[in-house]
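Q: the sequence and its predicted three-dimensional model are supplied below.
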Amino acid sequence: MGIAALVLGCGDAFHLVPRVLNYFVEADFTAALGIGKLVTSVTMTLFYVLLYEIWKGFYREAGTRPLQVGIWFLAVLRIVLCCFPQNGWLQNSSDMTWGIIRNIPFVGLGVVICLLYFLKRNADRRFRFLWLYICLSFLFYIPVAVAAGILPILGMLMLPKTVCYILMIAAFLSVVQSDQAA
(Lines give C-alpha, C1' and ligand atoms only; values in the text may rest on other atoms or scores of the structure.)
Protein backbone atom coordinates (compact mmCIF):
# COMPACT_ATOMS: atom_id res chain seq x y z
CA MET A 1 0.00 0.00 0.00
CA GLY A 2 2.97 2.26 0.53
CA ILE A 3 3.84 1.98 -3.14
CA ALA A 4 0.21 2.64 -4.08
CA ALA A 5 0.19 5.78 -1.91
CA LEU A 6 3.45 6.99 -3.46
CA VAL A 7 2.13 6.39 -6.97
CA LEU A 8 -0.99 8.38 -6.14
CA GLY A 9 0.87 11.21 -4.42
CA CYS A 10 3.54 11.58 -7.10
CA GLY A 11 0.88 11.51 -9.80
CA ASP A 12 -1.09 14.25 -8.09
CA ALA A 13 2.04 16.37 -7.79
CA PHE A 14 2.27 16.51 -11.58
CA HIS A 15 -0.88 18.59 -11.77
CA LEU A 16 -0.82 20.27 -8.37
CA VAL A 17 2.65 21.82 -8.73
CA PRO A 18 1.82 23.66 -12.00
CA ARG A 19 -1.54 24.69 -10.51
CA VAL A 20 0.17 26.25 -7.46
CA LEU A 21 2.96 27.82 -9.53
CA ASN A 22 0.30 29.41 -11.72
CA TYR A 23 -0.69 31.60 -8.73
CA PHE A 24 2.83 32.83 -8.02
CA VAL A 25 4.69 32.93 -11.34
CA GLU A 26 3.82 34.91 -14.44
CA ALA A 27 4.07 32.14 -17.02
CA ASP A 28 1.85 29.93 -19.12
CA PHE A 29 1.41 26.59 -17.35
CA THR A 30 -1.34 25.34 -19.67
CA ALA A 31 0.67 22.46 -21.14
CA ALA A 32 2.25 21.53 -17.79
CA LEU A 33 -1.14 21.45 -16.10
CA GLY A 34 -2.63 19.37 -18.91
CA ILE A 35 0.24 16.88 -18.87
CA GLY A 36 -0.09 16.78 -15.08
CA LYS A 37 -3.75 15.81 -15.46
CA LEU A 38 -2.74 13.06 -17.89
CA VAL A 39 -0.12 11.72 -15.46
CA THR A 40 -2.66 11.86 -12.62
CA SER A 41 -5.18 9.94 -14.73
CA VAL A 42 -2.64 7.19 -15.33
CA THR A 43 -1.45 6.99 -11.72
CA MET A 44 -5.01 6.86 -10.38
CA THR A 45 -5.60 3.90 -12.68
CA LEU A 46 -2.44 2.19 -11.42
CA PHE A 47 -3.55 2.87 -7.84
CA TYR A 48 -6.67 0.78 -8.35
CA VAL A 49 -4.72 -2.01 -10.06
CA LEU A 50 -2.47 -2.03 -6.99
CA LEU A 51 -5.55 -2.19 -4.74
CA TYR A 52 -6.55 -5.32 -6.65
CA GLU A 53 -3.08 -6.82 -6.13
CA ILE A 54 -3.29 -5.97 -2.42
CA TRP A 55 -6.73 -7.63 -2.25
CA LYS A 56 -5.28 -10.79 -3.78
CA GLY A 57 -2.38 -10.84 -1.32
CA PHE A 58 -4.29 -9.89 1.80
CA TYR A 59 -7.12 -12.34 1.30
CA ARG A 60 -4.84 -14.95 -0.26
CA GLU A 61 -6.99 -14.98 -3.35
CA ALA A 62 -5.42 -16.23 -6.54
CA GLY A 63 -7.89 -14.23 -8.58
CA THR A 64 -9.50 -15.98 -11.49
CA ARG A 65 -7.96 -15.60 -14.91
CA PRO A 66 -11.02 -13.75 -16.28
CA LEU A 67 -10.93 -11.37 -13.31
CA GLN A 68 -7.23 -10.60 -13.79
CA VAL A 69 -7.68 -10.15 -17.54
CA GLY A 70 -10.68 -7.90 -16.90
CA ILE A 71 -8.79 -5.73 -14.41
CA TRP A 72 -5.81 -5.31 -16.72
CA PHE A 73 -8.00 -4.81 -19.79
CA LEU A 74 -9.91 -1.97 -18.12
CA ALA A 75 -6.69 -0.39 -16.83
CA VAL A 76 -4.88 -0.57 -20.19
CA LEU A 77 -7.97 0.66 -22.05
CA ARG A 78 -8.24 3.62 -19.68
CA ILE A 79 -4.57 4.50 -20.14
CA VAL A 80 -4.78 4.16 -23.93
CA LEU A 81 -7.90 6.36 -24.04
CA CYS A 82 -6.11 8.94 -21.89
CA CYS A 83 -3.32 9.09 -24.49
CA PHE A 84 -5.62 10.09 -27.36
CA PRO A 85 -4.97 13.64 -28.59
CA GLN A 86 -8.72 14.37 -28.46
CA ASN A 87 -8.33 14.73 -24.69
CA GLY A 88 -6.61 18.05 -25.36
CA TRP A 89 -4.14 17.65 -22.51
CA LEU A 90 -1.59 20.06 -24.03
CA GLN A 91 -4.26 22.72 -24.37
CA ASN A 92 -5.70 21.81 -20.96
CA SER A 93 -9.11 21.63 -22.57
CA SER A 94 -12.06 20.06 -20.83
CA ASP A 95 -13.94 18.19 -23.53
CA MET A 96 -16.91 16.58 -21.77
CA THR A 97 -17.26 13.82 -24.38
CA TRP A 98 -13.67 12.64 -23.91
CA GLY A 99 -14.02 13.09 -20.16
CA ILE A 100 -16.82 10.55 -20.30
CA ILE A 101 -15.12 8.20 -22.78
CA ARG A 102 -11.84 7.90 -20.88
CA ASN A 103 -13.62 7.42 -17.57
CA ILE A 104 -15.92 4.57 -18.63
CA PRO A 105 -13.22 1.88 -18.21
CA PHE A 106 -11.97 3.63 -15.07
CA VAL A 107 -15.42 3.49 -13.47
CA GLY A 108 -15.66 -0.16 -14.55
CA LEU A 109 -12.34 -0.82 -12.82
CA GLY A 110 -13.58 0.97 -9.71
CA VAL A 111 -16.81 -1.02 -9.64
CA VAL A 112 -14.90 -4.31 -9.80
CA ILE A 113 -12.44 -3.30 -7.06
CA CYS A 114 -15.27 -1.93 -4.91
CA LEU A 115 -17.23 -5.16 -5.33
CA LEU A 116 -14.21 -7.31 -4.41
CA TYR A 117 -13.69 -5.42 -1.15
CA PHE A 118 -17.46 -5.37 -0.49
CA LEU A 119 -17.65 -9.14 -0.75
CA LYS A 120 -14.82 -9.49 1.79
CA ARG A 121 -16.01 -6.71 4.13
CA ASN A 122 -16.80 -9.17 6.95
CA ALA A 123 -13.56 -11.15 6.61
CA ASP A 124 -11.56 -8.47 8.44
CA ARG A 125 -13.22 -5.68 10.43
CA ARG A 126 -10.37 -3.30 9.66
CA PHE A 127 -11.35 -3.35 5.98
CA ARG A 128 -15.12 -3.39 6.44
CA PHE A 129 -15.51 0.18 5.08
CA LEU A 130 -12.85 0.04 2.37
CA TRP A 131 -15.46 -0.68 -0.30
CA LEU A 132 -17.37 2.42 0.81
CA TYR A 133 -14.27 4.64 0.59
CA ILE A 134 -13.64 3.36 -2.94
CA CYS A 135 -17.25 3.95 -3.94
CA LEU A 136 -17.32 7.45 -2.46
CA SER A 137 -14.00 8.37 -4.08
CA PHE A 138 -15.54 7.61 -7.47
CA LEU A 139 -18.77 9.45 -6.66
CA PHE A 140 -16.73 12.56 -5.81
CA TYR A 141 -14.35 12.16 -8.76
CA ILE A 142 -16.74 11.59 -11.68
CA PRO A 143 -18.54 14.97 -11.60
CA VAL A 144 -15.15 16.70 -11.52
CA ALA A 145 -13.68 14.63 -14.34
CA VAL A 146 -16.70 15.08 -16.57
CA ALA A 147 -18.04 18.55 -15.88
CA ALA A 148 -15.55 20.71 -13.93
CA GLY A 149 -14.56 22.39 -17.22
CA ILE A 150 -18.11 23.70 -17.48
CA LEU A 151 -18.76 24.22 -13.78
CA PRO A 152 -15.39 24.83 -12.07
CA ILE A 153 -16.84 24.79 -8.54
CA LEU A 154 -17.19 21.01 -8.95
CA GLY A 155 -13.42 20.88 -8.45
CA MET A 156 -14.12 21.20 -4.73
CA LEU A 157 -15.27 17.57 -4.78
CA MET A 158 -11.63 16.56 -5.08
CA LEU A 159 -11.24 17.39 -1.37
CA PRO A 160 -13.61 14.67 -0.09
CA LYS A 161 -12.18 12.32 -2.75
CA THR A 162 -8.76 12.87 -1.23
CA VAL A 163 -10.18 12.21 2.23
CA CYS A 164 -11.46 8.86 0.93
CA TYR A 165 -7.96 8.02 -0.30
CA ILE A 166 -6.52 8.96 3.09
CA LEU A 167 -9.06 6.71 4.81
CA MET A 168 -8.06 3.83 2.50
CA ILE A 169 -4.39 4.33 3.30
CA ALA A 170 -5.17 4.65 7.03
CA ALA A 171 -7.07 1.34 6.97
CA PHE A 172 -4.06 -0.40 5.45
CA LEU A 173 -1.72 1.30 7.91
CA SER A 174 -3.82 0.08 10.84
CA VAL A 175 -3.55 -3.47 9.51
CA VAL A 176 0.23 -3.24 9.24
CA GLN A 177 0.55 -1.72 12.72
CA SER A 178 -1.72 -4.28 14.37
CA ASP A 179 0.03 -7.16 12.58
CA GLN A 180 3.43 -5.88 13.75
CA ALA A 181 2.16 -5.59 17.34
CA ALA A 182 0.86 -9.16 17.30
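A: Done, it's in. Numbering: from 1, shown residues only.

Q: roughly how far apart are Gln177 and Val49?
A: Between Gln177 and Val49 the computed distance is 25 Å (Cβ to Cβ, to the nearest Å). All C-beta atoms are positioned from the backbone trio N, CA, C, and that covers glycine.

Q: ok, Trp131 next?
A: Per Cβ to Cβ, Trp131 is found 17 Å from Val49.

Q: over to Leu157?
A: In terms of Cβ to Cβ, Leu157 sits 23 Å off from Val49.

Q: follow-up on the earlier one: of Gln177 and Val49, which one has the most company?
A: For Gln177 versus Val49, neighbours defined as other Cβ atoms under 10 Å are more numerous around Val49 (19 against 10).

Q: for the helix or strand containing the more buried one, what is the average pLDDT?
A: Assigned by DSSP states H and E, Val49 belongs to helix 30-58. Taken as a whole, helix 30-58 has a mean pLDDT of 91.

Q: how far off centre is it?
A: The chain centroid and the centroid of helix 30-58 are separated by 5 Å, computed with Cα atoms, centre = their mean, to the nearest Å.

Q: which SSE is immediately downstream of it?
A: helix 65-82.

Q: quick check: buried residues in that next one?
A: Going by neighbour count (16 or more other Cβ atoms under 10 Å), the buried part of helix 65-82 is 70-71, 74-75, 77-79, 81-82.

Q: now, which of these sits nearest Trp55?
A: The closest of these to Trp55 turns out to be Ile71 (Cβ to Cβ; 10.0 Å).

Q: what is the burial count for the residue nearest to that closest one when sequence neighbours are not counted?
A: With Cβ to Cβ, 6 or more residues apart in numbering as the criterion, Ile71 has its nearest non-adjacent residue at 5.1 Å, and that residue is Tyr52. By other Cβ under 10 Å, the residues close to Tyr52 number 22.

Q: so Tyr52 makes contact with Cys114?
A: No - contact criterion Cβ atoms under 8 Å: Tyr52 and Cys114 do not qualify, at 10.9 Å.

Q: what residue is smack in the middle of this structure?
A: Met44 (3.1 Å; Cα atoms, centre = their mean).

Q: and that residue, how far from Lys37?
A: Taking Cβ to Cβ, one finds Met44 at 10 Å from Lys37.

Q: next: Leu154.
A: 15 Å.

Q: before we move on, what about Trp131?
A: Distance of Trp131 to Lys37, given as Cβ to Cβ: 27 Å.

Q: next one: Phe138
A: 17 Å.
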